[in-house]
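1. sequence unknown, structure follows:
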């Protein structure tokens, strides 16, 4: 069953809507670097994944289809027929599923630091088990190391502390359920069904979804454009200005 996720809708009421979908272990604040610029062009819909931020956490496991169902339910609740969607990591996977299975709801698509197939089922099941037993504190430092380059972490200690707090605040069952969605995720066959104009952005130093994952997505979606930025996994934070410019350029073409 879909979850009524927590959301925020800001920007001009008569502007096109762009929905922003988050990475595992984050909340909607991960899109703070883009918010001001995007609201100059769009009505911006941010939401917390189930089990993250202020969204409820039903018992897992979840699937990517479940997370996409939450977005459809949210769009229905807000009476939004069609939106652009930008997603990072599991948020990008949610976007791919929606663009393939609910094409009438997705106008343009931005997929950032994501993958159509991870082949890391055992790793994500281990993280799910650890989250349920011990919470998120033991997973938070390793997440920051994957998400940002060493230089960026050193230069931004206050930001790292804030993001770490957001990771630890995620509900263990919600985080675990999303890990289980990643463990079973395989969207390779869906790529050919995506007709939405698509921009794929990869981080050059991303250990979680390396650039070759982004290139495979772009190769699988007709007409997709691929861009590489000097960042690790949360490229929209580490390289906020160029990623923001890429998003706006793609969505206003």
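-> Done, it's in. Computed from a predicted model, the values in this text were never measured in an experiment.
2. so where's the chain shaky on pLDDT?
-> Counting by pLDDT under 70, the chain contains no low-confidence residues.
3. show me where it has helices.
-> Remark: helices assigned in the chain by DSSP state H are 32-39, 64-77, 90-101, 121-134, 137-147, 150-155, 157-169, 172-184, 211-220, 235-238, 240-251.
4. rebuild these as CSV, extending it with distance to residue 19 and mean neighbour count.
-> Quick note: C-beta positions are derived from backbone N, CA and C, even for glycine. Shown next, in CSV, are the helices of the chain (distance: least, CB to CB, whole Å; neighbours: other CB atoms under 10 Å):
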stretch, distance to residue 19, mean neighbour count
helix 32-39, 11, 17
helix 64-77, 7, 19
helix 90-101, 9, 26
helix 121-134, 25, 16
helix 137-147, 22, 17
helix 150-155, 26, 13
helix 157-169, 20, 15
helix 172-184, 18, 23
helix 211-220, 19, 18
helix 235-238, 14, 26
helix 240-251, 11, 18
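5. list the contacts of the nearest residue to residue 186 once chain neighbours are set aside.
-> Distances taken as CB to CB, 6 or more residues apart in numbering place residue 117 nearest to residue 186, at 5.0 Å, with adjacent residues excluded. Residue 117 makes contact with 185, 186, 187, 188, according to CB atoms under 8 Å, 6 or more residues apart in numbering.
6. what about residue 117, distance to residue 73?
-> For residue 117, the distance to residue 73 (CB to CB, to the nearest Å) stands at 26 Å.
7. circling back to that earlier point, of all the helices of the chain, which one is nearest residue 199?
-> helix 240-251 (4.1 Å; CB to CB).
8. so which elements touch that closest one?
-> With contacts defined as 3 or more CB pairs under 8 Å, 6 or more residues apart in numbering; DSSP states H and E, the packing partners of helix 240-251 are helix 32-39, strand 83-88, strand 106-112, strand 198-203, strand 225-229, helix 235-238.
9. that older thread, make JSON lines from the helices of the chain and add distance to residue 226 to it.
-> Listed next are those as JSON lines, based on distance: least, CB to CB, whole Å:
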{"stretch": "helix 32-39", "distance to residue 226": "20"}
{"stretch": "helix 64-77", "distance to residue 226": "22"}
{"stretch": "helix 90-101", "distance to residue 226": "13"}
{"stretch": "helix 121-134", "distance to residue 226": "25"}
{"stretch": "helix 137-147", "distance to residue 226": "21"}
{"stretch": "helix 150-155", "distance to residue 226": "22"}
{"stretch": "helix 157-169", "distance to residue 226": "27"}
{"stretch": "helix 172-184", "distance to residue 226": "22"}
{"stretch": "helix 211-220", "distance to residue 226": "4"}
{"stretch": "helix 235-238", "distance to residue 226": "13"}
{"stretch": "helix 240-251", "distance to residue 226": "11"}
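10. the ones you listed: which one's closest to residue 8?
-> Each of the helices of the chain has some distance to residue 8 by CB to CB; the shortest is helix 32-39, at 9.2 Å.
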